[in-house]
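*Asks:* coords below, sequence missing:
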């Protein structure tokens, strides 16, 4: 049996694995246990009663976190001419067309978010096999295929977080940093849960939200009482 490190043991201490904690208490516990030498990301994970292999049970969307994500996001924009100039002026980190597509095909992905103007989609569509698995494919549903590149860049840089359910029915996202104060983290958690609730697909049957937990990068998960989040998010 593997030895449990002192830090891990201390972090888990005081957490009842079978208990669901109210949101404010859970956030406090996660913050107290974020002891790494870097500013840990606080993440929310939701187990949903969906099977994403069915198109009518797919859950995806975007949420603008009220207090930002605390993460510095590098944005790439597929655009030409005036739109390319607009993207540069709005603070995009990388702007291009065929040259950018070529770089992506070579595996040079030096960005976290990808935006495209609608006319660029025939070109960007060829990169689906590379960008799709990384959840970076521009999509009009989440506002990353748009003629308004400036607004999309602003949203991406300002704490706009995309989410997409994975095979096992889990959807998760970073909703802030351990250095955020408790109220701001709780507000971000509520905003994320609310967005996932609003993205409930037509094919979802039975209980939509099965479990919700919150954790930091290196810390243990703390189960949330869904009622404490949902009531506040409504």
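*Replies:* Yep, that arrived. Nothing here was measured: the structure is a model prediction, and the numbers come from that model. Residues are numbered from 1 along each chain as shown.

*Asks:* where does the prediction get shaky in the chain?
*Replies:* Along the chain, the model assigns pLDDT under 70 to residues 1-12, 231-234.

*Asks:* report the central residue of it.
*Replies:* What sits nearest the mean C-alpha location of the chain, by CA atoms, centre = their mean, is residue 173, with 3.5 Å.

*Asks:* A helix includes it, no?
*Replies:* No: under the criterion used here (DSSP: H, G, I helix; E, B strand; the rest coil), residue 173 is strand, not part of a helix.

*Asks:* how near is it to residue 30?
*Replies:* 15 Å (CB to CB, to the nearest Å). Bear in mind the C-beta positions are built from the backbone N, C-alpha and C, glycine included.

*Asks:* heading C-terminal from the lengthiest helix in the chain, find the next helix or strand.
*Replies:* Counting residues, the longest helix found in the chain (DSSP state H) is helix 182-198. As assigned by DSSP states H and E, the chain's next helix or strand after helix 182-198 is strand 209-216.

*Asks:* and the next helix or strand after that following strand, what does it pack against?
*Replies:* Following strand 209-216 in sequence order, the next helix or strand is strand 222-223 (DSSP H and E). Under the contact criterion of 3 or more CB pairs under 8 Å, 6 or more residues apart in numbering; DSSP states H and E, strand 222-223 touches helix 23-33, strand 209-216.

*Asks:* and if we set it to 6 Å?
*Replies:* helix 23-33 (3 or more CB pairs under 6 Å, 6 or more residues apart in numbering; DSSP states H and E).

*Asks:* starting at the chain centroid, how far to the helix it packs on?
*Replies:* The gap between where helix 23-33 is centred and where its chain is centred comes out at 20 Å by CA atoms, centre = their mean, to the nearest Å.
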